[in-house]
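In: Return atomic coordinates for the entry below.
(one chain, ligands or ions: 1)
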Amino acid sequence: MTQGVLQKIEQLRAEINEHNYRYYVLDDPQVTDLYYDQLMRELQALEEQHPELITDDSPTQRVGAAAASQFETVQHEVPMLSLDNAFTKDELLAFDKRLKDLLEVQGDLEYNAEPKLDGLAVSLLYREGKLIRGATRGDGKSGENITANVRTIPAIPLRLNSEKVPQLIEVRGEVYMTHVGFQKLNEMQRKKEAKEFANPRNAAAGSLRQLDPKITASRPLTFCSYAIAQLEGMELPSTQFEQMQLVKTLGLPISPYIEKLIGIEPCFDYLQRIGERREKLPFDIDGVVFKLNDAEQQRRAGFVSRAPRWAIAWKFPAQEVMTRLLDVEFQVGRTGTLTPVARLEPVEVGGVVVSNATLHNMDEIERKDIRIGDTVIVRRAGDVIPEVVSAVLKFRKPDFKKPVMPSHCPVCHSEVVRIDGQAAYRCTGGLVCAAQRKEAIKHFASRKAMDIDGLGDKIIEQLIERELVHSVADLYSLTLEQIASLERMAEKSAQNLLEAMEKSKQTTLPRFIYALGIREVGEATALALANYFRDFRALQSADEESLMQVEDVGPVVAENIVHFFAQKENDKVIDALLAAGIHWPEIEAADANAQPLAGKTYVVTGTLENYTRTEAKELLTSMGAKVSSSVSGKTTAVIAGDKPGSKVEKAQKLGVEILDEQAFEQLVNNHAQ
Ligand code: I6G
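Out: Modelled structure (predicted):
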């Protein structure tokens, strides 16, 4: 009896380990999360009935140990070194030349390149295939024993995967947190009213150094290997590249971006390529590590003080820097919301000079305890608006004051009110407020709305300031002379803009609804409203009850819509727009169930060649499909254009179908009526 149970338990463990390997190492899962959970539950149940058969490398035993009072110290048998840095092309060229001179090599040296993850270095020791120790770097000679914590990280196998395992292997790598994991963790922290983490690195560090492994287990940590520090009972492959392949075979994750490069010039090309992908990667990296690929050459190059001579870390310009918060001003948005904006002592962040950053809202200022005069940490990541992350309290002076929300709008002086139950404050001026008019026009002209090419922010600002335009409808009565009279506007550009406005009159109903800028009616809701009502006048006169029949429209959005159409001012603007000639093709009546893609859900990501994302979404919804912004187990397929980012990775993990542009066109053509 026990023999049969033991066999079943071992079979379940092997299957679970195999799925883990496929998921974390090969990035090629074969089963759903649900199936995986079922296997785990089955194993747990059997182990509960037969506790004598539990082993500490069973996948159920990741969170075993009780909370400790402190971490023990471990001595690193092989020191955990740091890497020399390079910030310029010249420094990288000098690194290459130094090695060539030292090794007396005339031709090109071979390098191994991989992104440098922004996490925490750890050492993992496996004896006879079993994880026996995890340690932090510490001072390089000794670190902290964090075995109980690393055991909880699902990407780290408790037992090596391969048939043939070495007697002993020490693998080094980085524990880190993905962006998705970081956001989920902070969401949880917010719900618990606990302190949020400033960035994924801090979150990973805070999670790994917990005395209670149960807490670490609840944090979305993951791992990537970068070196073998010790190996016994197996021959060490002769290059860094092959060493990493061995690590992968043994069941530990390695970077999917490793490349072998011959000579230093291709290293610059690699930097360029990784630099371009950096913003789209699902985790933070702070540079690229180049290593001599040949282990024998590494041995000959040796070490200087605490760093290998054969490796260098190229560092990207910092994305987080310190500067002074000079003042906080309030910007009025399209819907009248006042956003606090930090005026900063100009500072370079990630290669760009930043003098303004968002503070989001008053609750955020309170939560981060930010005062005018503080030294603050500013972060800029890619195209995202720079933000103030935190204040550096040690530079705080007692006379630094908290920013205060003004009682009256800085633009139109109307009263400012706090919106019930929300963090936002709003100007009550409506379209009287020039700031709101300006933002409403920017929104109206934007790409996903009426798509008026060439009507940029600077032009809109002039149109408002010169009182040529009061509402969006006035755009369509502008004359060539009026446009040409604007600053930096040549006759030709004025003509082009006029033509773009004319062209925008031919639109679609969803775009038009979206362009009106009704509070909380985004692109997806506008689409759903258009498909439900089909007739604009029917939407205009709909009551809250009928609006709530539309998918995703709840009482708040329904109220916003009714309120919007109840304003006489808005009615006038809409009439003027329609009188100016804005029109759209009729939306055909269709029995929802008869629509070819009814019941299906798609996600559109990346850049398509022949469609904007909005157009692709419109096509799909016109065929009855739902379009979602995030991938889940319920997604039918992801339509992926160029540079698709993390959504495709998620789809792969979940086994969701991925369609390229050609397959998308085929889908549309097959179902076109
Ligand atoms: O800190 C590090 C990050 C990444 C490393 C490293 C690495 O390789 C990709 N490699 C070595 C050899 C060391 N630190 C010492």
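
In: Which residues of this structure lie near the ligand?
Out: Where the chain comes near the ligand, counting by C-beta under 6 Å from any ligand atom, the residues are 81, 83, 114, 116, 121, 226-227, 289, 308, 311. Yep, even glycine has a C-beta here, placed from its N, CA and C like the rest.

In: Make a PyMOL selection of the buried ones in those residues.
Out: Burial among those is assessed by 16 or more other C-beta atoms under 10 Å; the matching PyMOL selection reads:
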select buried, resi 81+83+114+116+121+226+227+289+308+311
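
In: In terms of distance to residue 195, which of the residues of the chain next to the ligand ranks first?
Out: Top of the list for closeness to residue 195, among the residues of the chain next to the ligand and by C-beta to C-beta, is residue 121 at 24.9 Å.

In: related to what we said a few turns ago, so which pair among the residues of the chain next to the ligand is furthest apart in space?
Out: The span of these, defined through C-beta to C-beta, is set by 81 and 114 at 16.7 Å.

In: that older thread, looking at the residues of the chain next to the ligand, which are in strands?
Out: Judged by DSSP state E, the residues of the chain next to the ligand include 114, 116, 121, 226-227, 289, 308, 311 as members of strands.

In: Report the rounded mean pLDDT for the longest helix seen in the chain.
Out: Assignment by DSSP state H gives helix 2-20 as the longest helix of the chain. In this model, helix 2-20 carries a mean pLDDT of 92.

In: residues of whichever helix or strand comes after it that come out buried?
Out: Where DSSP states H and E defines the elements, the next helix or strand beyond helix 2-20 is helix 33-49. With burial defined by 16+ other C-beta under 10 Å, the residues of helix 33-49 counted as buried are 36, 39, 43, 46-47.

In: For the residue nearest the centre of the chain, which residues are in contact?
Out: Nearest to the mean C-alpha position of the chain, counting by C-alpha atoms, centre = their mean, stands residue 179 at 5.1 Å. Residues in contact with residue 179 (C-beta atoms under 8 Å, 6 or more residues apart in numbering) are 200, 282-284, 646.

In: of those residues, buried ones?
Out: Buried subset of those (neighbour count, 16+ other C-beta under 10 Å): 200, 283-284, 646.

In: Just put the residues you listed in a markdown table and tack on pLDDT.
Out: A markdown table is the format used below for those (pLDDT from 0 to 100):
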| residue | pLDDT |
| --- | --- |
| 200 | 92 |
| 283 | 95 |
| 284 | 92 |
| 646 | 82 |
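
In: re earlier: between the buried residues of helix 33-49, which sits nearest the ligand?
Out: The ligand has its nearest neighbour among those in residue 36, at 29.9 Å by C-beta to the nearest ligand atom.

In: isn't that closest one right up against residue 17?
Out: No: in this structure, residue 36 is not within contact of residue 17 by C-beta atoms under 8 Å, at 11.3 Å.

In: Please give me every residue in contact with residue 134.
Out: Contact analysis of residue 134 by C-beta under 8 Å, 6+ apart lists 122-125, 145-147, 149-151, 156.

In: What's the ChimeraX line that selects buried ones from the residues you listed?
Out: Buried members of these, defined by 16+ other C-beta under 10 Å, are picked up in ChimeraX with:
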select :122,123,124,125,145,146,147,149,150,151,156
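
In: Sitting in strands, which of the contacts of residue 134 do you find?
Out: Cross-referencing the contacts of residue 134 against strands under DSSP E gives 122-125.

In: count of residues packed around residue 32?
Out: Neighbours of residue 32 under the rule other C-beta atoms under 10 Å: 12.

In: shouldn't it be in contact with residue 655?
Out: Yes: with contacts defined as C-beta under 8 Å, residue 32 counts as touching residue 655 at a distance of 6.5 Å.

In: picking that back up, looking at the residues of the chain next to the ligand, which is nearest residue 163?
Out: residue 227 (23.6 Å).

In: export the contacts of residue 179 to JSON lines and tack on secondary structure?
Out: Shown next, in JSON lines, are those (DSSP: H, G, I helix; E, B strand; the rest coil):
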{"residue": "200", "secondary structure": "helix"}
{"residue": "282", "secondary structure": "coil"}
{"residue": "283", "secondary structure": "coil"}
{"residue": "284", "secondary structure": "coil"}
{"residue": "646", "secondary structure": "helix"}
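
In: What is the nearest of those to residue 477?
Out: Of those, the one sitting nearest to residue 477 (C-beta to C-beta) turns out to be residue 646, at 45.1 Å.

In: for that closest one, what are its contacts?
Out: By C-beta under 8 Å, 6+ apart, the contact list for residue 646 reads 179-180, 280, 282.
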